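Student: Next comes the sequence, and after it the predicted model I'd like to discuss.
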Amino acid sequence: GNSVTQMEGPVTLSEEAFLTINCTYTATGYPSLFWYVQYPGEGLQLLLKATKADDKGSNKGFEATYRKETTSFHLEKGSVQVSDSAVYFCALTPTGTASKLTFGTGTRLQVTL
Amino acid sequence: GAGVSQSPRYKVAKRGQDVALRCDPISGHVSLFWYQQALGQGPEFLTYFQNEAQLDKSGLPSDRFFAERPEGSVSTLKIQRTQQEDSAVYLCASSPRRVGNSPLHFGNGTRLTVT
């Protein structure tokens, strides 16, 4: 079946540090890949997505590239801010299906001044 | 505009009680999903509606879980004879399209605690 594995948290960084959150997946065919973010007290929000190999999703300074050869979709940001503190979820949907997401367990990011 | 609304925000139930969780999706959204998120885990799929039709209920953990969307808008997730392992946040999400990769819009969830 489909599965998503992401690095365990919490990840604690100083403001302006470089961020990487690793995500790898197992799926048949060509899934679509997503990063969702959950800010404190809020619902899950789509951060970025990529629907085919070598696509790069980007939003709010975050980027992730769909790497089929390594089955990865690592999240990166060059300079984090305190406001980026949240829980980040990597997820996938199988190609051609409704948006039935399979999520990773989430990675909590804490950014300090 | 209004997002996905879930109520109640918090629910405490004694073991064995029945509970009903409500989801108001974004107006006009065709697809509606329920997910269960245990503490420290990612959300797990429970069930999917396209309008009023329940097309996939493969994620419902037992026959104590039942979901409906009779008029293709508001949905209710019912859990009968609650057990402690049912304690989790229940998330509802809606999407404007039937299939494909249109993003889901999530509500803030209902946190269910079974004592």
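Tutor: Happy to help now that I have it.

Student: Every contact and neighbour count from this point should use C-alpha atoms.
Tutor: OK.

Student: Spatially nearest residue to the residue positioned nearest the centre of chain A (excluding sequence neighbours)?
Tutor: Nearest to the geometric centre of chain A sits residue A:35, at 3.3 Å (Cα atoms, centre = their mean). Closest residue to residue A:35 apart from its sequence neighbours, by Cα to Cα, 6 or more residues apart in numbering or on different chains: residue A:90 at 4.6 Å.

Student: looking at it, the one you found is touching residue A:101, isn't it?
Tutor: No: with contacts counted by Cα atoms under 8 Å, residue A:90 stays clear of residue A:101, the gap being 9.7 Å.

Student: which regions of chain B lie under the pLDDT threshold?
Tutor: The model of chain B has pLDDT under 70 over residues B:1, B:98-101.

Student: Please list all residues in contact with the residue nearest the centre of it.
Tutor: In chain B, the residue lying closest to the centroid (Cα atoms, centre = their mean) is residue B:34, at 3.2 Å. By Cα atoms under 8 Å, 6 or more residues apart in numbering or on different chains, the residues touching residue B:34 are B:45-48, B:90-93.

Student: Between the residues you listed, which sits nearest chain A?
Tutor: Closest approach to chain A among the contacts of residue B:34 (Cα to the nearest Cα): residue B:45, at 7.0 Å.

Student: Compute the number of surrounding residues for the residue lying closest to that closest one once chain neighbours are set aside.
Tutor: Closest residue to residue B:45 apart from its sequence neighbours, by Cα to Cα, 6+ apart: residue B:35 at 4.5 Å. Look at residue B:35: counted by other Cα atoms under 10 Å in any protein chain shown, it has 24 neighbours.

Student: Distance of residue B:35 relative to residue A:83?
Tutor: 27 Å (Cα to Cα, to the nearest Å).

Student: still on that earlier bit, more neighbours, residue A:90 and residue A:101?
Tutor: residue A:90 (32 against 23).

Student: show me what contacts that one?
Tutor: Going by Cα under 8 Å, 6+ apart, residue A:90 touches A:4, A:6, A:23, A:33-36, A:73, A:103-104, A:106.

Student: what about 7 Å?
Tutor: A:6, A:23, A:34-36, A:103-104 (Cα atoms under 7 Å, 6 or more residues apart in numbering or on different chains).

Student: Need the residues you listed in CSV (columns: secondary structure).
Tutor: Below are the contacts of residue A:90 laid out as CSV (DSSP: H, G, I helix; E, B strand; the rest coil):
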residue, secondary structure
A:6, strand
A:23, strand
A:34, strand
A:35, strand
A:36, strand
A:103, strand
A:104, coil
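
Student: between these, which has the most around it?
Tutor: Neighbour counts for those (other Cα under 10 Å) peak at residue A:35, which has 28 neighbours.

Student: count of neighbours near residue 61?
Tutor: Going with chain A. By other Cα under 10 Å, 10 other residues sit near residue A:61.

Student: that's the wrong chain, I meant chain B
Tutor: 13.

Student: where does chain A have low pLDDT?
Tutor: Scanning chain A for pLDDT under 70 picks out the ranges A:96-99.

Student: Okay, strands next: where are they in it?
Tutor: Secondary structure of chain A (DSSP state E): strands at A:3-6, A:11-14, A:19-21, A:23-26, A:32-38, A:45-50, A:56-59, A:62-65, A:75-77, A:86-93, A:102-103, A:107-112.
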